[in-house]
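Novice: Next input, structure requested:
(chains A and B)
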Protein chains: 2
Amino acid sequence: MAVGDIAMPHMHVVKGVKIGVTEAYVRYPNRRDLVIFEFAEGTNVAGIFTQNAFCAAPVHVSKKNLETGNIRYLVINTGNANAGTGSIGMENALKMCDAVAENSGISSNQILPFSTGVIGEQLPIDRITQAVPKAFPCDQTWNDAAHGIMTTDTVAKGASEIFEFDGISYAITGISKGAGMIRPNMATMLSFVTTDMPISETIVKKLLKESADQSFNRITVDGDTSTNDSCIFAATGQAGGEPIQNEQDPRYAVVKEILFRVMKRLAQLIIRDGEGATKFITVKVEGGKNTQECCDVAYSIAHSPLVKTALFASDPNWGRILCAIGYANIKDLDVEKVQVWLDEVQLCQNGGVANSYTEEAGVKVMSKPEIIIRVHLGRGDATDTVYTCDFSYDYVKINADYRS
Amino acid sequence: MAVGDIAMPHMHVVKGVKIGVTEAYVRYPNRRDLVIFEFAEGTNVAGIFTQNAFCAAPVHVSKKNLETGNIRYLVINTGNANAGTGSIGMENALKMCDAVAENSGISSNQILPFSTGVIGEQLPIDRITQAVPKAFPCDQTWNDAAHGIMTTDTVAKGASEIFEFDGISYAITGISKGAGMIRPNMATMLSFVTTDMPISETIVKKLLKESADQSFNRITVDGDTSTNDSCIFAATGQAGGEPIQNEQDPRYAVVKEILFRVMKRLAQLIIRDGEGATKFITVKVEGGKNTQECCDVAYSIAHSPLVKTALFASDPNWGRILCAIGYANIKDLDVEKVQVWLDEVQLCQNGGVANSYTEEAGVKVMSKPEIIIRVHLGRGDATDTVYTCDFSYDYVKINADYRS
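Specialist: Below is the predicted model:
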């Protein structure tokens, strides 16, 4: 069961984006598992991808095609990740593009392929290429697309906002998928975010990187980084108006804030739907010398199975939190200055339990479905935040059963 | 249930080592939870300790007292780790030493204290100091000691060997405890290993470091590094003969091999008894440029919750193994050269599934209680090995219930 508010909002139409969704029987029959995005000519597209050395075949192809530019289609299958599939996998990723090219008249290298699902099995490529024509004409909704990219997700994930400049209304609308194997750089996480605002290619890239760093690159379910994670941001420009060409454009900061909010929402939805998650946890680390050490401490806590099982059990075992801070390898950390809070309840001060702390208050706050673990390192002004979930029986169940 | 052969062997007596075990009611009534080791005068003692910044009060005291040297006693409680306990915790660790000093006439700074159990609660120090006299005279067995240091362990852990030089018979005998929060540098792991062979202080330190690096520092249950882990090696010299003074002594290599075997056994017993473990996994990485990158890859696999749940499920999901190799951050890894085997079954070659692989063979080997995951990186001659266990429902259950 996903945690907290996971409702799909009204998904505002993005001019210049068309969506096709169909059933290809990639892994299971009778489910929508193939999604195509069609972008208007002139759309600027940027992407960021997994850092995993075993990145999947479609990641290789997408990276290469993005270099050429002028991207017009995305083609996405769920059910099979086309990862660890060698040269046949590369051929199949290209065949996915070819199939879209044949049905659209667009060149294959203007198409980006994406796959998610089981690693290490070959795509049923014939079923996919046969299904591609059924996705045309691309006349379906963002909601359909959000469902069509799900794997172990229990809910479809979307975020959308509208805003206005100079009398023109713009939308930023996106979807994401992912429930496990989620951690920075990114995870079996796919996300596709678009706007109809005109934005130059350079600024599209910059906006994507900055927003993803603080959203998709700040979440973790289990610490496993997938072979397939990809995040795409596309600006079609079809709503009209002058394009944003540089950061000095007063619209830049506004758009950046909205994009960040949309991406943070999409990233947090992945955690709220984390495999077996019963709690949504924000780990906020303050008082560091620099952002990196705050990030390291936050991930050390967010990855600790002992912290995560204590969260599942609603056990205010603050010793496990201190312990995780202690093995984050922060040079010359003065443990006497470390403070820890669960929401407003101070757990630790001076390297031990806080004077004001009572077990009763600890249990009460730990029983909430959404908890902020706040750490102050007492050695500077830097801060960073990571989002995670707890670790339950169901995590084991889901991942022990995933292939069956 | 511990995995495989976990039987306590015959624990050979070590001349110059006496053992006292009693009940102090640290956490639970009616259980042996206080252990005292008494060493003969002239015993050389070395210790290695957790790298966690929040190391426990007894770790601070033990490190300090070891510097002075001439250690005569170890005093160990289970049930409470005396970690995250601030200045009161420091006082209590010293009081444990004082209590032993009062009962033995030995100076407090010749005594090393150790604690294991729940983090962040104050020791019931009065109950401990009142129980210390009951441990004297120290006339109990290694078996009693092995039981007296258990926490979530389901079996008492011991290893012992005898050997002979120049007509003199020597013993190396030790115990360990630990079942979770186990990873390099070390874990809520305590281990006490002794010999009656005469060995100089320098060589005792060297032997301990070398043996622990390849044993206690190569195991992981859940990736959490504890505040309390400590490993002690003591040589009483009471069996007689000339002391080993340097590595050129022909006995050095022989003793090193036996000590390594004893420590590896004690370390592996911790994994066999890993919290919720149903399988004992050896991760052997070969063909690396250097030992460090082999170690990094091995730990990346051994820590992956997705690999560990697949092992629990006996699911030969080799994609998860490749994926874990891929995010170990090995620079310029050529994935085409990576090969992976489960025991003798080759899973992967050329960055994908091996030609010879069949799912039937994969399932068969994954169903075994002891499995060797062997990875060849294809870029050098270095090798390293790490031991771990699978990740089961019971891991979550044990750690969600630990404090209750």
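Novice: Now the residue of the stretch 1-150 of chain A found nearest chain B. Nearest residue, chain neighbours left out?
Specialist: Ranked by C-beta to the nearest C-beta, the top residue of the stretch 1-150 of chain A for proximity to chain B is A:Ile119, at 2.5 Å. All C-beta atoms are positioned from the backbone trio N, CA, C, and that covers glycine. For A:Ile119, ignoring the flanking residues on the chain, the nearest one in space by C-beta to C-beta, 6 or more residues apart in numbering or on different chains is B:Gly319 at 2.5 Å.
Novice: residues contacting that neighbour?
Specialist: Shown here is B:Gly319, whose contacts under the criterion C-beta atoms under 8 Å, 6 or more residues apart in numbering or on different chains are A:81, A:83-84, A:118-121, A:227.
Novice: and the two most separated of those residues?
Specialist: Distance extremes for the contacts of B:Gly319: the farthest pair is A:Glu121 and A:Thr227 at 12.7 Å, using C-beta to C-beta.
Novice: Three-state assignment for A:Gln346, please.
Specialist: Taken by DSSP: H, G, I helix; E, B strand; the rest coil, the conformation at A:Gln346 corresponds to strand.
Novice: burial count for the closest residue to it other than its chain neighbours?
Specialist: Counting by C-beta to C-beta, 6+ apart, the nearest residue to A:Gln346 once its immediate chain neighbours are dropped is A:Ala354, at 4.2 Å. The tally of other residues near A:Ala354 (other C-beta atoms under 10 Å in any protein chain shown) stands at 16.
Novice: Quick check: A:Ala354 touching A:Glu344?
Specialist: No. Contact status for A:Ala354 versus A:Glu344: not in contact, 11.8 Å apart, counting by C-beta atoms under 8 Å.
Novice: now the strands for the stretch 51-200 of chain A?
Specialist: Assigned strands in the stretch 51-200 of chain A, in chain order: A:73-80, A:111-118, A:157-165, A:168-177, A:182-183, A:186-187, A:190-195 (criterion: DSSP state E, counting those that start in this stretch).
Novice: near chain B, which residues of the stretch 51-200 of chain A?
Specialist: On the criterion C-beta under 8 Å from any C-beta of the partner chain, chain B has as its neighbours in the stretch 51-200 of chain A the residues A:51-55, A:81, A:83-86, A:88-89, A:118-121, A:180-181, A:185.
Novice: Phi, psi for A:Pro369 please.
Specialist: A:Pro369 has phi and psi values of phi -80, psi -20 when expressed as degrees, to the nearest 10.
Novice: So it versus chain B, what's the distance?
Specialist: 16 Å (C-beta to the nearest C-beta, to the nearest Å).
Novice: ditto for A:Gly240
Specialist: Here the distance between A:Gly240 and chain B works out to 43 Å (C-beta to the nearest C-beta).
Novice: what's around A:Glu370, how many residues?
Specialist: Taking other C-beta under 10 Å as the criterion, the count of residues near A:Glu370 is 13.
Novice: Hmm, it is touching A:Asp5, no?
Specialist: No. In this structure, A:Glu370 sits apart from A:Asp5 without contact. The criterion is C-beta under 8 Å, and the distance is 9.4 Å.
Novice: Longest helix in chain A, please.
Specialist: helix A:250-272 (DSSP state H).
Novice: in that one, what's buried?
Specialist: A:251-252, A:255-256, A:258-260, A:262-272 (16 or more other C-beta atoms under 10 Å in any protein chain shown).
Novice: My read is that the residue of the stretch 1-150 of chain A closest to chain B contacts A:Ala83, right?
Specialist: Yes. Between A:Ile119 and A:Ala83 there is a contact under C-beta under 8 Å: 4.5 Å.
Novice: And these two? Which one has more around it.
Specialist: A:Ala83 (31 against 28).
Novice: Please report phi then psi for the closest residue to A:Gln130 other than its chain neighbours.
Specialist: Counting by C-beta to C-beta, 6+ apart, A:Ala24 is the residue found nearest to A:Gln130 once chain neighbours are left out, at 7.6 Å. A:Ala24 adopts backbone torsions of phi -110, psi -10, taken as degrees, to the nearest 10.
Novice: Can you give me the pLDDT of A:Ala24?
Specialist: Listed pLDDT for A:Ala24 reads 97.
Novice: Contact partners for it?
Specialist: With C-beta under 8 Å, 6+ apart as the criterion, the residues that contact A:Ala24 are A:33-34, A:77, A:124, A:127-128, A:130-132.
Novice: Tell me where the model's unsure across chain A.
Specialist: For chain A, residues meeting the criterion pLDDT under 70 lie at A:1, A:179-188, A:221-225, A:395, A:398-404.
Novice: For it, list the residue farthest from the centre, please.
Specialist: Of all residues in chain A, the one whose C-alpha sits farthest from the chain's mean C-alpha position, using C-alpha atoms, centre = their mean, is A:Asn355 at 39.2 Å.
Novice: Now stretch A:6-21: buried residues?
Specialist: Buried positions in stretch A:6-21, judged by neighbour count with 16+ other C-beta under 10 Å: A:6, A:8, A:11-12, A:14-21.
Novice: possible to save those residues as CSV with distance to chain B?
Specialist: What follows is the buried residues of stretch A:6-21, written out as CSV (distance: C-beta to the nearest C-beta, whole Å):
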residue, distance to chain B
A:Ile6, 23
A:Met8, 28
A:Met11, 31
A:His12, 36
A:Val14, 33
A:Lys15, 38
A:Gly16, 35
A:Val17, 31
A:Lys18, 33
A:Ile19, 29
A:Gly20, 28
A:Val21, 26
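Novice: want to throw those into CSV with secondary structure?
Specialist: Compiled in CSV, those are given as follows (three-state DSSP):
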residue, secondary structure
A:Ile6, coil
A:Met8, coil
A:Met11, coil
A:His12, coil
A:Val14, coil
A:Lys15, coil
A:Gly16, coil
A:Val17, strand
A:Lys18, strand
A:Ile19, strand
A:Gly20, strand
A:Val21, strand
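Novice: The stretch 1-150 of chain A: helices as residue ranges?
Specialist: Counting by DSSP state H, counting those that start in this stretch, the stretch 1-150 of chain A has helices at residues A:57-68, A:86-104, A:125-131, A:142-148.
Novice: Which elements pack onto the last one?
Specialist: Helices and strands in packing contact with helix A:142-148 are listed as strand A:17-22, strand A:34-39, strand A:157-165, strand A:168-177; criterion 3 or more C-beta pairs under 8 Å, 6 or more residues apart in numbering or on different chains; DSSP states H and E.
Novice: what's in contact with the third one?
Specialist: So that's strand A:157-165. Applying C-beta under 8 Å, 6+ apart, the contact partners of strand A:157-165 are A:6, A:8-12, A:142-143, A:146, A:169-177, A:197, A:241, A:251, A:254-255, A:258, A:261-263, A:265-266, A:269-270, A:273.
Novice: again, but for the second one
Specialist: In this structure, residues lying in contact with strand A:34-39 by C-beta under 8 Å, 6+ apart are A:16-24, A:26, A:45, A:71-77, A:100, A:104, A:128, A:131-132, A:135-136, A:138, A:144-145, A:148-149, A:192, A:194, A:234, A:236.
Novice: what about 7 Å?
Specialist: Residues from elsewhere that reach strand A:34-39 (C-beta atoms under 7 Å, 6 or more residues apart in numbering or on different chains): A:16-22, A:24, A:45, A:71-77, A:100, A:128, A:131, A:135, A:138, A:145, A:148-149, A:192, A:234, A:236.
Novice: Each with direction, which strands does it pair with?
Specialist: On the basis of DSSP bridges, the sheet neighbours of strand A:34-39 come out as strand A:17-22 (antiparallel), strand A:73-80 (antiparallel).
Novice: Quick one: work out the angle between the longest one and strand A:168-177.
Specialist: Just to be clear, that refers to strand A:73-80. Taking axes from the mean of the first three to the mean of the last three C-alpha atoms, to 10 degrees, one finds strand A:73-80 and strand A:168-177 inclined to each other by 20 degrees.
Novice: List the buried residues for strand A:73-80?
Specialist: Within strand A:73-80, the residues scored as buried using 16+ other C-beta under 10 Å are A:73-80.
Novice: Please apply the same query to stretch A:358-368.
Specialist: Of the residues in stretch A:358-368, those with enough neighbours to count as buried (16+ other C-beta under 10 Å) are A:361-362, A:365-366.
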